[in-house]
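Enquirer: from the sequence below, what's the structure:
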Amino acid sequence: MRLREFDVNLVTNAVSKLCMDANYNIPKDVLDSLKSSLSKEESPVAKDILNQIIENDILASDEKVPMCQDTGLMVVFLEIGRDVHLNGDIYEAIQQGVREGYNKGYLRKSMVNNPFDRVNTGDNTPCIIHTKLVEGDKVKLILAPKGGGSENMSTVVMMKPSDGLKGCKEFILNFIEKAGGNPCPPIVVGIGFGGNLEKSALLAKEALLRDISDVNEDPELAKLEDEFLADINKLGIGPMGLGGRTTALAVKIKMHPCHIAQLPLAININCHAARHKEVIL
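Expert: Here you go, the predicted structure:
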């Protein structure tokens, strides 16, 4: 089969636009979930905060300005079809797209060149790129700008197999309760079970890309997601940590086989600005 010749400059242009789109326009599923939560919320303070969040998101989209001052570390999920021949360095094309998007969109640059020197790189690169080879002749990009506050309230822990599901539940609920208002609730919680240390973290982050209103294909995981969501919202943390029934909008779980001596667990939290946009080229 003849390979499709692919100009990586297409990626640079697409990434530049998606950087702005992701920061200006809240996904419809997130906005709908916020509105639905508002209709169920009983706390006057929580209702007021939810109204402000919704108003902010609508204004950001209308005025083409960031919905949050933290425009995030850009995380890119890249899928390359096996029948694609890349004419150039696609990784550098993505980095250039981030540079251009953050400059053109007047988005805050949050990357530092060294965890200890803390000198800003000035263009929000380097971004984080996760790559998969897939069937077909297309290139797919999902961009997820990840805010520092919610990412700081995320974790990976190596549970013992004897802890089982009960132990994992207790750990997750305790962890989110201690996080309180720090990740800017209402939150979306991504959970990764299994794999190993780094795989569980990737599972949790990938889980956050799912539509808020979707139902897990695995009936057992779907049930578990509903249980976790109900239990988290019973914690009473509420919007921005000021009380109420709306602590989380959704819980999304991904699972992977693991070693007989391990039970990896990762929790990755999105704030209410649960941003991600995608394109297929």
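
Enquirer: could you use CA atoms for every contact and neighbour count after this?
Expert: OK.

Enquirer: ok, which stretches of the stretch 101-250 of the chain are helices?
Expert: 148-152, 164-179, 197-207, 219-233 (DSSP state H, counting those that start in this stretch).

Enquirer: reformat the ones you listed as TSV; add mean neighbour count and distance to residue 270.
Expert: Below are the helices of the stretch 101-250 of the chain laid out as TSV (neighbours: other Cα atoms under 10 Å; distance: least, Cα to Cα, whole Å):
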stretch	mean neighbour count	distance to residue 270
helix 148-152	17	6
helix 164-179	15	12
helix 197-207	22	9
helix 219-233	16	14
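
Enquirer: nearest to residue 140, of the ones you listed?
Expert: Closest of the helices of the stretch 101-250 of the chain to residue 140 is helix 197-207, at 14.6 Å (criterion: Cα to Cα).

Enquirer: can you list contacts of the closest one?
Expert: 155-158, 190-194, 252-256, 264-268 (Cα atoms under 8 Å, 6 or more residues apart in numbering).

Enquirer: what do you get if the cut-off is 7 Å, keeping everything else the same?
Expert: For helix 197-207, contacts defined as Cα atoms under 7 Å, 6 or more residues apart in numbering pick out 156, 190-194, 252-254, 264-268.

Enquirer: ditto for stretch 269-281
Expert: For stretch 269-281, contacts defined as Cα under 7 Å, 6+ apart pick out 18, 22-23, 26-27, 30, 138-145, 150-151, 153-154, 183-190, 209.

Enquirer: 6 Å instead?
Expert: With contacts defined as Cα atoms under 6 Å, 6 or more residues apart in numbering, stretch 269-281 is touched by 22, 138-144, 150, 154, 183-190.

Enquirer: how far away from the center of its chain is that stretch?
Expert: Counting by Cα atoms, centre = their mean, to the nearest Å, stretch 269-281 is centred 6 Å from the centre of its parent chain.

Enquirer: return the member of the contacts of helix 197-207 nearest to residue 96.
Expert: Set against residue 96, the nearest of those by Cα to Cα is residue 268 (27.0 Å).

Enquirer: could you pull up phi and psi at residue 84?
Expert: With angles defined as degrees, to the nearest 10, residue 84 sits at phi -110, psi 130.

Enquirer: now stretch 149-162: mean pLDDT?
Expert: Computed over stretch 149-162, the mean pLDDT rounds to 97.

Enquirer: CA atoms of that stretch as PDB?
Expert: Extracted in PDB, the C-alpha atoms of stretch 149-162 (Å, rounded to 0.1, in the frame of the first residue of the first chain):
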ATOM      1  CA  GLY A 149      -3.000  23.500  40.900                       C
ATOM      2  CA  SER A 150      -4.900  20.400  39.900                       C
ATOM      3  CA  GLU A 151      -1.800  18.600  38.800                       C
ATOM      4  CA  ASN A 152      -0.200  19.200  42.200                       C
ATOM      5  CA  MET A 153      -3.200  17.500  43.700                       C
ATOM      6  CA  SER A 154      -2.500  14.300  41.800                       C
ATOM      7  CA  THR A 155      -0.500  11.300  42.900                       C
ATOM      8  CA  VAL A 156       0.800   7.800  42.100                       C
ATOM      9  CA  VAL A 157       1.000   5.200  44.900                       C
ATOM     10  CA  MET A 158       2.000   1.500  44.800                       C
ATOM     11  CA  MET A 159      -0.700  -0.200  46.900                       C
ATOM     12  CA  LYS A 160      -0.300  -3.700  48.200                       C
ATOM     13  CA  PRO A 161      -2.300  -6.400  46.400                       C
ATOM     14  CA  SER A 162      -3.800  -7.300  49.900                       C
END
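
Enquirer: sounds good, over and out.
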